[in-house]
Each structure stands twice: as structure tokens, then as C-alpha cells.
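Trainee: quick one, structure for this:
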Amino acid sequence: MRWPARPSRALGKPFRGRLLGGVQLPAFGEDYATWDPVLEQVPDRGWRRWATDRLLRTLLRVLHDYRAAHPDAMPVLVGDLSRPHGGPFGARFGGHGHASHQNGLDADVYYPRADRRLRAAIVPRQIDRALSQDLVDRFVAAGAQYVFVGPHTGLRGPRRIVERLALHDDHMHVRIHRAVRR
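Mentor: Below is the predicted model of the structure:
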């Protein structure tokens, strides 16, 4: 994928922000497919797949390394990122909405399923905990600011980085740090 000549920028806070010069994640990649949580299908609609170039580089690197370590695993499902210019992404855009996902630093990544179906898990017993934990660990190692996981998943990680959050038993929510401006 070609990246823009100048990097995109996350403005404001994840829950009250904008996205400047965002980059759209393609619907499908070698290591992933996108998932539309409202329509419950592959792929996610294009206007829900925008982020900073930095988030996309981090996301694609983690997913590539994960698939290299688990070549027989199904592609990982990637859900909502941000809208094309960021801003509110609440309930009026479908589903429960997102309090954050406003400035291109947040991504929803669905847990791999034990039955290897290319669908989001409906209940925690459907997730492959070992593969899901590996994904969490890889995002932590990549420097994620937060990885929110469901309270019933049994997934763990360093305190103050990996945190349990309601409504996340089917996916993890990854937030990367804002780029340091020089």
C-alpha cells in the first residue's frame, strides 16, 4: 500500500477529536479482512475504515507478524477505525456507537475464533484464547497505549495498558500513542 507523502495527524482527544489527512484501510489484505459490526458482515464499509498512517502501519505490522507466527490461522478481522475526517462516531452511525474512534488512533480488532470462522465471536467461549492472547501481547509489544479487552475473555496484560471494558467480549480495542511532534 502506498502511504501519503506527508503523515496524517490526530487532532484533539480520541473521544473529542478530528483526523487530518487520514488514510483508508483497504477492505482486505493478506493478513486481515474488515468486519462491519453493524451489518455483521465482511467487509466493513469504506467510511468506517480511516486512520492515521501511523495506526495503519502499526496495525498491519502486528497482523503480519501474527500471521507469520500462525500461518494456519484465519485472517484477523479488523472492525471500525474512524470516519474520513474523524469526529463523532456515536450511536447514530449504527450499533452501540463509539465514545472514541474520533481522531484516527483507535482500531477494533476481533478475536480469532476457535472454530476458524471468518466472523466475529458472539460469546467469549467462541474465541481462541491462545491466539487472542498472542494478538494482545503483540499490540502491547508494538507500544499500544491501551488494549481494551472484554471482562469475560480471560485475556490479560500489563496493568494500565491492557484493561477490561464492557462490550468488548467480541473484540479488542487498540489505541496507539499520539506521534511525538518535533
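Trainee: ranges for the strands of this protein?
Mentor: Shown for the chain, the strands assigned by DSSP state E span residues 9-13, 16-20, 23-24, 32-34, 50-51, 76-78, 106-110, 144-149, 162-164, 171-176.
Trainee: output the contacting helices and strands for the last one.
Mentor: On a contact count with 3 or more C-beta pairs under 8 Å, 6 or more residues apart in numbering; DSSP states H and E, strand 171-176 meets helix 53-69, strand 106-110, helix 129-141, strand 144-149. Glycine gets a C-beta too; all of them are placed from N, C-alpha and C.
Trainee: go on, the first one?
Mentor: With contacts defined as 3+ C-beta pairs under 8 Å, 6+ apart, the secondary structure elements packing on strand 9-13 are strand 16-20.
Trainee: mind running it again at 10 Å?
Mentor: With contacts taken as 3 or more C-beta pairs under 10 Å, 6 or more residues apart in numbering; DSSP states H and E, strand 9-13 sits against strand 16-20, helix 53-69.
Trainee: residues in contact with that strand?
Mentor: Contact with strand 9-13 is made by 17-22, 51-55, 82, 85-87, 100, 102-106, 176-179, 181, as judged by C-beta atoms under 10 Å, 6 or more residues apart in numbering.
Trainee: got it, and the fifth one?
Mentor: By C-beta under 10 Å, 6+ apart, the surrounding residues in contact with strand 50-51 are 8, 10, 19, 22-25, 56-59, 80-86, 101, 103-107, 176.
Trainee: if we use 7 Å, what do you get?
Mentor: Contacts to strand 50-51, defined as C-beta atoms under 7 Å, 6 or more residues apart in numbering, come from residues 19, 22-25, 81-84, 104, 107.
Trainee: residues near residue 22, how many?
Mentor: 26 (other C-beta atoms under 10 Å).
Trainee: how about it: what's its closest non-neighbour residue?
Mentor: residue 50 (4.2 Å; C-beta to C-beta, 6 or more residues apart in numbering).
Trainee: ok, that neighbour to residue 107 distance?
Mentor: 11 Å (C-beta to C-beta, to the nearest Å).
Trainee: so for these two, which residues contact both of them?
Mentor: Joint contacts of residue 50 and residue 107 (C-beta under 7 Å, 6+ apart) are residue 81.
Trainee: between the two, which is the more surrounded one?
Mentor: More crowded of residue 50 and residue 107, by other C-beta under 10 Å: residue 107, with 27 against 23.
Trainee: my read: the more buried one touches residue 172, true?
Mentor: No - counting by C-beta atoms under 7 Å, residue 107 stays clear of residue 172, with 8.9 Å between them.
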